[in-house]
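Based on what follows, work out the 3D shape:
(one chain, ligands or ions: 2)
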Amino acid sequence: MAVGGGESGPVPGVVFEHEAKALLREAGVPVPRGVVITGPAPDFGAVGGLSEPVVLKAFGPGLVHKSDSGAVRLGLRLAEVADAAGRMREALAARGIAPSGFLVEEQAAAGVELIAGLVRDPGFGPVLLTGLGGVWAEALRDTALALCPVSEDDVRRMLGSLRGSALLHGYRGGAGVDVGAVVKLLMTLGGPGGLWERLELGEFEANPVIATPSGVVAVDARYLPSASPTGRATGGGDFRKLFEPRSVAVVGASTTRPNFGNMFLDFYRAAGMPVVAVHPEAAEVAGVPAVPSLAAAGADYALVAVPAERCADVVRQATGVAYTQVMSGGFGEAGRPELEADLVEAARAAGTRLLGPNCMGVYCPRGRQTFTGGGLGPPGTVALISQSGGLAGEVIKVGERRGLAFSRVATVGNAADVTPAELLRWLSHDPETRAVGLYLEDPREGRALYEALAATTLPVALLVGGRSAQGRRAAASHTGGLVGDGRIWRALAEQTGAALVGSQDDLIGVLSFFQAHGARPASGDGALVIGPSGGASVLAADAFDQAGVGLEPLPGDALPDLRGLGLGAGSTLANPLEVPVGPRGRPELVRRAVAAILRRRPYRDVVAHVNVQSFFTYGTSAEPLLEYARALGGAQEELAGTRFTLVTRNGECAPAGVEDEVRRIAGRAGVPVYRSMEAAAVAVAAGRTLDRLALDGRAGS
Ligand code: ADP
Ligand code: MG
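Ligands and ions are numbered 1, 2, ... in the order given. Model (predicted):
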């Protein structure tokens with residue numbers, strides 16, 4: 001699209017207000033009627049056709065925020081314009097600014113001022129932003145954003161999320177604005193086929209947009225074209241050999257000084273993976289047969305653990321190797337991007353795909369792939385993609401301890417070639433995988449990730465590290481300055497339905513929930529909390545409120561049944577429902593109470609909690625607690641359309657091994673177990689991700 005030019009003559013890289021407004025007008029967004037006046041002896045006669053009052057604005061290079069320079073005059077009569085322009089020119093000259101010309105336009109009626117903008121984020125690409133306040137937008141910081149293309153739902157959610165959204169609907173007797181017109185404007189900017197697609201987008205901003213009961217008008221517009229669009233193209237590899245290579249080669253293990261390479265030889269041997277070492281002289285390394293070069297190894301997968309400077313040479317020999325993992329660090333992350341570029345170039349030349357550099361590798365029990373000691377866990381259905389090898393190792397070990405079973409885990413380190421988005425796309429079609437965890441630190445390929453998340457049919461739990469440290473270019477417009485601080489990750493999660501979690505613990509917790517309930521066709525809504533009486537119930541209500549999960553009241557017609565079970569004597573029957581649970585409680589009680597309630601009202605989630613400590617006050621027998629877990633498991637099997645969750649509060653009071661046994665019993669029945677109400681609340685809230693997939697008809701297919 002041609003912009004620039006006009007009577008004032010083009011200035012490269014600068015688009016003046018009236019030119020940006022012409023773009024808006026063409027796209028169907030109302031802007032004030034106006035006249036542009038240029039030239040050394042400007043003729044203001046042309047303003048005659050405008051309706052009073054009018055606004056006078058100077059434009060030219062260096063006039064970015066016009067009000068700051070005294071380059072805006074409001075409320076003029078036509079007869080005053082020429083005079084005002086002369087004085088404005090003088091005042092600007094005193095500041096060393098020579099305007100290229102003037103824009104005289106009709107003054108719009110007052111209303112609610114909004115900001116509407118587009119910005120190309122370096123990682124996520126085009127982002128739509130809106131907020132209240134117009135010129136005050138920056139000070140109020142009351143803004144919302146979403147990745148383009150936005151849907152009408154996204155836009156309405158953005159507007160609804162503004163703290164001041166009541167102003168749009170009429171506040172204290174004021175008339176509400178035409179919200180439909182605001183939505184339309186935002187869709188024109190950020191919706192399918194919107195301006196974001198048609199501009200060489202750096203930033204585009206309408207600020208303010210004045211919204212009134214009868215419509216919207218954009219009274220200022222600013223457009224900063226971008227030098228070059230960012231974003232990396234990502235291929236679409238077949239990653240089966242990454243996770244299930246027939247054999248692997250390890251480069252860098254030593255015959256004299258055991259190092260990381262030797263450690264991997266041990267891991268692979270323990271996992272039963274056919275492995276060869278690559279060594280220039282030795283015929284074997286630590287009991288593993290060795291070959292002199294990678295090309296001679298005949299492996300599907302190579303692990304390279306040599307100093308950074310030598311990695312590219314090794315990778316260049318990887319002809320015929322499907323995947324080459326560079327474990328070594330010392331590349332881009334250490335301020336040596338040129339070494340990383342060499343590595344990518346070497347991988348391309350050899351025809352191998354590169355994992356890393358600076359990564360731990362791959363874990364896949366069914367493929368005997370591993371980067372952790374202590375043997376392989378059970379093969380399962382949960383995948384993990386992590387930019388941190390250390391974190392992935394912890395999630396594997398702790399997760400398996402808590403009952404997770406993994407299909408595929410890939411650590412990507414610097415992701416110089418194989419990227420998280422590409423892996424996610426492949427996992428989405430992997431028959432072994434039913435849920436995905438993502439740990440990311442770098443938003444560089446945010447756009448590709450957004451697209452992969454939007455397309456996936458799997459539930460995804462997303463943990464982002466270093467959200468506050470995102471490096472962002474200094475922005476000339478308000479819009480640019482308002483993007484950041486992790487809000488973009490929240491927008492991405494909302495738009496794609498991924499569950500954004502705040503800690504490693506919650507990542508494991510939410511994945512456990514997905515593993516247990518991912519294939520369950522749950523119906524109903526809200527959660528029922530049931531457990532022993534006391535402050536725990538009150539705190540449970542708070543924890544679920546905090547997580548955004550509603551504890552809807554009990555159905556009235558279930559109360560007689562509950563009383564019949566002996567509940568509610570001396571206390572009210574409510575949600576959370578208080579039942580005696582402990583060593584002398586009847587384990588069947590919870591099951592029968594829940595059945596009585598669900599017959600009348602389908603809660604989607606039932607959260608049963610116990611105080612583990614109370615089971616061990618008068619003895620050490622674990623049997624009553626295990627019996628309780630069995631009863632709850634039985635309830636889950638009986639009531640398959642409801643998601644059961646067990647919270648074992650104060651679990652550290654159980655003798656060693658008892659918690660594991662409880663988890664095993666519950667796990668067999670498909671009930672995830674949490675040690676705190678807060679962790680359970682986060683996981684139950686993430687169940688929305690499953691509901692959304694089920695609604696889209698995507699889950700279980
Ligand atoms: P700046 O470059 O300082 O953002 P603007 O063009 O946004 O300059 O003008 C400053 C303020 O003047 C706007 O925030 C708005 O309140 C008011 N204004 C500008 N143009 C108009 C107009 N055509 N109708 C009504 N108000 C206007
Ligand atoms: Mg403005």
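
Tell me the backbone dihedrals of the residue of the chain found nearest ligand 2, please.
In the chain, the residue that lies nearest ligand 2 is residue 220 (3.4 Å; CB to the ion). No exception for glycine: its C-beta is placed from N, CA and C like everyone else's. Per-residue torsions, residue 220: phi -140, psi 150 (degrees, to the nearest 10).

for this protein, what are the low-confidence residue spans?
By pLDDT under 70, the weakly predicted segments of the chain are 1-13, 135, 227-236, 467-485, 570, 697-701.

sorry, back to before: so the residue of the chain closest to ligand 2 makes contact with residue 204?
No. Between residue 220 and residue 204 there is no contact, the gap being 11.9 Å when judged by CB atoms under 8 Å.

of those two, who's got more company?
For residue 220 versus residue 204, neighbours defined as other CB atoms under 10 Å are more numerous around residue 204 (28 against 24).

Could you confirm whether the helix or strand containing the more buried one reaches ligand 1?
In this structure, residue 204 sits in strand 201-212 according to DSSP states H and E. Yes. Counting by CB under 6 Å from any ligand atom, ligand 1 is contacted by strand 201-212 at residue 208.

just how off-centre is that strand within its chain?
26 Å (CA atoms, centre = their mean, to the nearest Å).

just the CA coordinates of the helix or strand harbouring residue 452, formatted as CSV?
Per DSSP H and E, residue 452 falls inside helix 446-455. The C-alpha coordinates for helix 446-455 follow below in CSV (Å, rounded to 0.1, in the frame of the first residue of the first chain):
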residue,chain,number,x,y,z
GLY,A,446,6.4,-16.0,19.8
ARG,A,447,4.4,-15.7,16.7
ALA,A,448,5.2,-19.3,15.5
LEU,A,449,4.4,-20.4,19.0
TYR,A,450,1.1,-18.6,19.0
GLU,A,451,0.1,-20.2,15.8
ALA,A,452,1.1,-23.7,17.0
LEU,A,453,-0.8,-23.2,20.2
ALA,A,454,-3.9,-21.9,18.4
ALA,A,455,-3.8,-25.0,16.1
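
List the buried residues in that helix.
Going by neighbour count (16 or more other CB atoms under 10 Å), the buried part of helix 446-455 is 446, 447, 448, 449, 450, 451, 452, 453.

Run through who's touching that helix.
Helix 446-455 is contacted by residues 121, 123-125, 147, 231-232, 234, 419-422, 424-425, 428, 440, 460, 462, 488, 492, 495-496, 498 when judged by CB atoms under 8 Å, 6 or more residues apart in numbering.

Give me every residue in this protein lying close to ligand 1.
Where the chain comes near ligand 1, counting by CB under 6 Å from any ligand atom, the residues are 32, 55, 57, 65-67, 72, 74, 105, 107-108, 134-135, 208, 219-220.

Looking at those, spot the one nearest residue 42.
Ranked by distance to residue 42 (CB to CB), the residues of the chain next to ligand 1 are led by residue 57 at 13.5 Å.

Once you drop chain neighbours, what's closest to that closest one?
In this structure, residue 57 finds its nearest non-sequential neighbour in residue 103, 4.6 Å apart by CB to CB, 6 or more residues apart in numbering.

what sits up against the helix or strand where that neighbour lies?
According to DSSP H and E, residue 103 maps onto strand 101-106. For strand 101-106, the surrounding residues in contact (CB under 8 Å, 6+ apart) are 7-8, 17-18, 32-39, 42, 44, 47, 50-51, 53-60, 81, 85, 88, 219.

That strand vs ligand 2: in contact?
No. For strand 101-106, no contact with ligand 2 is found by CB under 5 Å from the ion; the gap never falls below 12.3 Å.

to the chain's geometric centre, what's the distance from that strand?
43 Å.

That strand: partners in the sheet, and parallel or antiparallel?
With DSSP bridges as the test, strand 101-106 is paired with strand 34-38 (antiparallel), strand 54-59 (antiparallel).

next SSE after the last one?
The helix or strand immediately downstream of strand 54-59 is strand 72-76, counting by DSSP H and E.

sorry, back to before: could I have the buried ones of the residues of the chain next to ligand 1 as PyMOL selection syntax?
Buried members of the residues of the chain next to ligand 1, defined by 16+ other CB under 10 Å, are picked up in PyMOL with:
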select buried, resi 32+55+57+66+72+105+107+108+134+208+219+220
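
just to revisit the earlier point, run through who's touching whichever helix or strand comes after the helix holding residue 452.
Per DSSP H and E, helix 446-455 leads on to strand 460-464 as the next helix or strand towards the C-terminus. Here strand 460-464 makes contact (CB under 8 Å, 6+ apart) with 424, 435-441, 453, 486, 489, 493, 496, 498-504, 506-507, 510-511, 514, 686, 689.

what is the orientation angle of strand 460-464 with helix 446-455?
Counting by axes from the mean of the first three to the mean of the last three CA atoms, to 10 degrees, strand 460-464 lies at 160 degrees to helix 446-455.

what residues are up against residue 326?
304, 311, 315, 343, 354, 355, 356, 357, 358, 359, 413.

For residue 282, state which of those residues is nearest.
Distance to residue 282 across those (CB to CB) is lowest for residue 304, with 17.1 Å.

which ones are touching that closest one?
By CB under 8 Å, 6+ apart, residue 304 lies in contact with 251, 252, 311, 314, 315, 324, 325, 326, 327, 328.

How about residue 179?
Contact analysis of residue 179 by CB under 8 Å, 6+ apart lists 159, 168, 169.

Helix, strand, or coil at the second one?
Here residue 168 is helix, with the state taken from DSSP: H, G, I helix; E, B strand; the rest coil.

What count of nearby residues applies to the closest residue to residue 25 other than its chain neighbours?
Leaving aside its sequence neighbours, residue 25 sits nearest to residue 31 (CB to CB, 6+ apart; 5.2 Å). Using other CB under 10 Å, residue 31 is surrounded by 23 other residues.

Okay, residue 31 and residue 489: tell me how far apart.
Distance, residue 31 to residue 489, using CB to CB, to the nearest Å: 34 Å.

The residue lying closest to residue 111 once chain neighbours are set aside: neighbouring residues, count only.
Spatial nearest neighbour of residue 111, chain neighbours left out: residue 212 (3.7 Å); criterion: CB to CB, 6+ apart. Residue 212 has 17 neighbouring residues, counting by other CB under 10 Å.
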